[in-house]
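Asks: Okay, here's the prediction I keep looking at, along with the sequence it came from:
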Amino acid sequence: MIAALDLSELSRLRSLAEHSHAVITERQDAGGAYPAAPTFSAYRGYAWLRDGSFTAEGISRYGDLVSAGRFHDWVNDVLRRRRAQVDSLRAALGRGEVPPNEAMLPTRFTFDGNDGSDPWWDFQTDGYGMWLWSVVTHASRHGLDLSRWREGIDVAVDYLVAFWDRPCYDWWEEHVEHRHVSTLGAIHGGLVAVGTCEALRSAPWSAAALKVAADIRSLVTAEGIVDGHLVKWLGSSAVDGSLPACVVPFGLVAPDDDLAAMTRAAVAKDLDFDGGVHRFTADVFYGGGQWILLSALLGWNLAVAGDTAGALRHLRWIADQADEHGDLPEQVPHHLLHPGSRDEWIARWGTVATPLLWSHGMYLILADELGITSKDS
């Protein structure tokens, strides 16, 4: 793929990767957390497991073991401190009780690992599966000892094995009443990562983790496929820009499976416009623009499926969205699905989050997948 680029474009793409690494590491909290967006009113002061897990993967691929390790240390400490909370939730479940959403683990944390003080759509399980996948992938890539993060891994697995099938908010913090296929995919990816990891084979939850992963595959096969592609939530017929993650990296569907191809095609048909990918057709958040991270996700899937030209199309589109400083936003307004809704969000929260660390992390992932960040290519 490098051969398809002239030296000027290759330099531009590599420079953005270098800047992306700097954006992420320079803004990383001293305690290890990756802020979602350091200057955006609604995200400032918080770190999400979802954003951070993908950001850490980009940093790990870039070869920065120190920054990625600090993030995983932070998550491990946050979850280790939640041991009693998870034990209490599991005990309630064992008594036949249904803990309220407010009692569940949050989706975002302050940098010191506490709950937020302001209301949020907090009950989301995807990030816990994403972190399991991210930390095991990082350790495997660099030959690291997972015992460093074992306490947090134990807590996350126990939590997911107990509550994997419970409805919760999706990646976009909406529709708490549904079971979302992308959420199930993330949990599957995390549980398979730990359940098949040789260093964790002796864990008491190993068999249970793999059983839940198998149950997720059965459930999605039975209720999460319409017209040959994955759907937004069980019982829906719509698609979502997050669905390719069920293929790469979370392995709910193999990249060469017809279901994967149909899902990529459905997302491209409904949500891809000139290389930028929308979240979903009914999206009104800031008018429903195109998301950097979703363009990278689809590009990542295309690259793994062998469509390197298609993947490069998305990488180029992302690079074109960088501002004069090289920073990447959460979304761009060039092709809005619901333009009449944009101004109300600007009035409520200000301009779109820029830089969004998750956007930069996903750029690093796609650039690495295409060999752009390899200085020897």
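Replies: Arrived safely.

Asks: Looking at this protein, which helix is longest?
Replies: Criterion DSSP state H: the longest helix present in the chain is helix 7-27.

Asks: Residues in contact with that helix: which ones?
Replies: For helix 7-27, the external contacting residues (CB atoms under 8 Å, 6 or more residues apart in numbering) are 2, 5, 34-35, 38, 55, 58-59, 62, 64, 67, 315-316, 319, 322, 326-328, 355, 357, 360-361, 363-364, 367, 372-373, 375. No exception for glycine: its C-beta is placed from N, CA and C like everyone else's.

Asks: So which residues of the protein form helices?
Replies: Under DSSP H, the chain gives helices at 7-27, 49-62, 65-80, 83-94, 126-142, 150-163, 181-195, 206-223, 258-271, 292-304, 308-320, 342-349, 357-369.

Asks: Take those and write them to TSV, including mean pLDDT and mean neighbour count.
Replies: Shown next, in TSV, are the helices of the chain (pLDDT from 0 to 100; neighbours: other CB atoms under 10 Å):
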stretch	mean pLDDT	mean neighbour count
helix 7-27	97	17
helix 49-62	98	27
helix 65-80	98	21
helix 83-94	98	14
helix 126-142	98	24
helix 150-163	98	22
helix 181-195	98	28
helix 206-223	98	17
helix 258-271	98	18
helix 292-304	98	26
helix 308-320	98	20
helix 342-349	97	13
helix 357-369	98	27
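
Asks: Just tell me which of those ends up closest to residue 102.
Replies: Smallest distance to residue 102 across these (CB to CB): 11.6 Å, for helix 83-94.

Asks: Which elements pack onto the closest one?
Replies: If you count contacts as 3 or more CB pairs under 8 Å, 6 or more residues apart in numbering; DSSP states H and E, helix 83-94 packs onto helix 150-163.

Asks: okay, the angle between the helix it packs on and helix 181-195?
Replies: 130 degrees (axes from the mean of the first three to the mean of the last three CA atoms, to 10 degrees).

Asks: a markdown table for the helices of the chain, including distance to residue 100?
Replies: Listed next are the helices of the chain as a markdown table, based on distance: least, CB to CB, whole Å:
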| stretch | distance to residue 100 |
| --- | --- |
| helix 7-27 | 34 |
| helix 49-62 | 21 |
| helix 65-80 | 21 |
| helix 83-94 | 10 |
| helix 126-142 | 18 |
| helix 150-163 | 12 |
| helix 181-195 | 19 |
| helix 206-223 | 23 |
| helix 258-271 | 34 |
| helix 292-304 | 31 |
| helix 308-320 | 40 |
| helix 342-349 | 27 |
| helix 357-369 | 29 |
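
Asks: what's the closest of these to residue 240?
Replies: Closest of those to residue 240 is helix 181-195, at 6.2 Å (criterion: CB to CB).

Asks: Send me that closest one as CSV with only the CA atoms.
Replies: Written as CSV, here are the backbone C-alpha positions of helix 181-195 (Å, rounded to 0.1, in the frame of the first residue of the first chain):
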residue,chain,number,x,y,z
VAL,A,181,-25.2,-5.8,18.9
SER,A,182,-22.1,-3.7,19.0
THR,A,183,-22.2,-3.9,22.8
LEU,A,184,-22.5,-7.7,22.7
GLY,A,185,-19.7,-7.8,20.1
ALA,A,186,-17.4,-5.8,22.5
ILE,A,187,-18.2,-8.1,25.4
HIS,A,188,-17.6,-11.1,23.1
GLY,A,189,-14.2,-9.7,22.0
GLY,A,190,-13.1,-9.1,25.6
LEU,A,191,-14.2,-12.5,26.9
VAL,A,192,-12.6,-14.4,24.1
ALA,A,193,-9.4,-12.5,24.5
VAL,A,194,-9.1,-13.4,28.2
GLY,A,195,-10.6,-16.9,27.8
